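>>> fold the following, please.
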Amino acid sequence: MTVYPAVLSSLCQYITRQGGKELPPEHKLGNRLVCPEYSRSVQEVKNHPLLGDERIFALCWDITADSVIHASLCPAPESFCYQRPFKSGEMTQLHTHAYIELAYVAEGEFRQRILGNEIVFSKGDLCLIDKNCLHQDYLLARPATILFLGIANDMFTEVMDENITTRKIISFLQSALMKAKDVQQFLHFRPGPGAGEEMESCLSLLLQELYEGNTGSRYICKGLLLRIFRIMSCKYEFFLSREQRKTMNWIVFEEVTDYIQRNYAHITIQDLVREFHFQEDYFNRLIKNQTGMTYSAYVQQIRLEHAEQMLLGTRKTISDISQAVGYQNKGYFYKIFQQKHHMSPAQYRKTQMILE
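Numbers count the residues shown, from 1 in each chain. Modelled structure (predicted):
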């Protein structure tokens, strides 16, 4: 049984240097994996490099300080190692993919030009790039290790459909990455506290599975991909354009409102933190920006709306209604109801019944 390095960067280095056929720098396959810029106007479309019905592959890059890039692909028909010298600052050819790409910086720093923007990714960062997003990679004479995952579009959709995060946020990600061609088509993720170790563990297991290709590997890889996207959705922050941020905030607000409406009687802001994985301050800002109210005032408004519906649509006592909408203190319920309607709950019920 082969014992692999525990650290992801070491595993990438192992794969790019261990055994197999050594490809010369001018090799056709090698040039597909690290294609130097040959034209500023030509746009390449990259398909799966070697694969037939495989739905996910890994490309490992290990860049050394002496301006040599080592690369390898897995799965592949046969094991190979590819190395190519380069001039620091050289770029790969402008290209798009026919698949979703997820890039992870295992060591060092990685720089790309995406849709004309210079983006720098630090160790632990992830970049999710749409299949139609124009970009180039910089090759710099600094030690760096990058893992690229190529994910077939149908597999990406399946992963999103597994409810690894809230439904409307999934819809936003799918729209931002696969449908909305008038906004940025990449997402830059940075790890939150404790996220890096968990992510590296899953990526290492996934890379090992893709490298070995044992029986059942496809199912294991899909499961690991589900875990990876779950960690990304829960423990990573992603950066958006102004337009995307506005859309995202509205989608999250709708999701939060739906959740509050379902749980208004006992809801706390900590419940929102656990459900949606944002900080407490985010919900205060979100609700204030969308409604002009504080979180507490917004929840109170929803509770009073439900109380009004119960007063008119049921024969429950005022005391029962007070408890049903989340107020154990009947006196406090009377006070806030009076402040809103300038009459008691009993007077409100009687007045509205007469009007109807």
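>>> what's the average pLDDT for stretch 289-302?
On average, the pLDDT along stretch 289-302 is 94.
>>> what do you get for stretch 204-224?
Regarding stretch 204-224, the rounded mean pLDDT is 92.
>>> again with stretch 94-113
For stretch 94-113, mean pLDDT rounds to 93.
>>> then residue 288 would be within a helix, right?
Yes - judged by DSSP: H, G, I helix; E, B strand; the rest coil, residue 288 forms part of a helix.
>>> which residues touch the residue nearest to residue 302 when sequence neighbours are not counted?
Of all residues not flanking residue 302 in the chain, residue 264 sits nearest, at 4.9 Å (Cβ to Cβ, 6 or more residues apart in numbering). Any C-beta I mention is one placed from the backbone N, CA and C, and that applies to glycine too. When contacts are counted by Cβ atoms under 8 Å, 6 or more residues apart in numbering, residue 264 touches 299, 302, 303, 306, 325, 326.
>>> the first one sits in which helix or strand?
Residue 299 belongs to helix 295-313 when assigned by DSSP states H and E.
>>> name the strands paired with the helix or strand hosting residue 62 and say parallel or antiparallel.
Secondary structure from DSSP H and E places residue 62 in strand 56-63. As defined by DSSP bridges, the strand partners of strand 56-63 come to strand 68-74 (antiparallel), strand 144-151 (antiparallel).
>>> going on from the shortest one, what's the next piece of helix or strand?
Taking DSSP H and E as the definition, the helix or strand that follows strand 68-74 towards the C-terminus is strand 80-85.
>>> now that next one and strand 68-74, what's the angle there?
Here the directions of strand 80-85 and strand 68-74 differ by 160 degrees (axes from the mean of the first three to the mean of the last three Cα atoms, to 10 degrees).
>>> could you number the chain from 825 rather than 1 from now on?
All right, first residue 825 from here; so that's strand 904-909.
>>> show me what strand 904-909 is packed against.
helix 832-841, strand 845-847, helix 852-857, strand 892-898 (3 or more Cβ pairs under 8 Å, 6 or more residues apart in numbering; DSSP states H and E).
>>> output the longest one as PDB, nothing but the C-alphas.
What follows is helix 832-841, C-alpha atoms only, in PDB (Å, rounded to 0.1, in the frame of the first residue of the first chain):
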ATOM      1  CA  LEU A 832      -1.600  18.700   0.100                       C
ATOM      2  CA  SER A 833       1.300  20.600  -1.300                       C
ATOM      3  CA  SER A 834       3.600  17.700  -0.600                       C
ATOM      4  CA  LEU A 835       1.100  15.300  -2.300                       C
ATOM      5  CA  CYS A 836       1.000  17.600  -5.400                       C
ATOM      6  CA  GLN A 837       4.800  17.600  -5.500                       C
ATOM      7  CA  TYR A 838       4.900  13.800  -5.200                       C
ATOM      8  CA  ILE A 839       2.400  13.400  -8.100                       C
ATOM      9  CA  THR A 840       4.300  15.800 -10.400                       C
ATOM     10  CA  ARG A 841       7.600  14.100  -9.800                       C
END
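>>> show me what counts as buried in that helix.
832, 833, 834, 835, 836, 837, 838, 839, 840 (16 or more other Cβ atoms under 10 Å).
>>> with stretch 886-897 instead?
886, 887, 888, 891, 893, 894, 895, 896, 897.
>>> residue contacts, the first one?
The contact partners of residue 886, by Cβ under 8 Å, 6+ apart, come to 833, 836, 837, 840, 841, 893, 894, 895, 968, 969.
>>> identify the farthest-apart pair in the residues you listed.
With Cβ to Cβ as the measure, no two of the contacts of residue 886 lie farther apart than 841 and 968, at 15.5 Å.
>>> going along the chain, name the strands of the stretch 1025-1174 of the chain.
Remark: strands assigned in the stretch 1025-1174 of the chain by DSSP state E, counting those that start in this stretch are 1060-1063.
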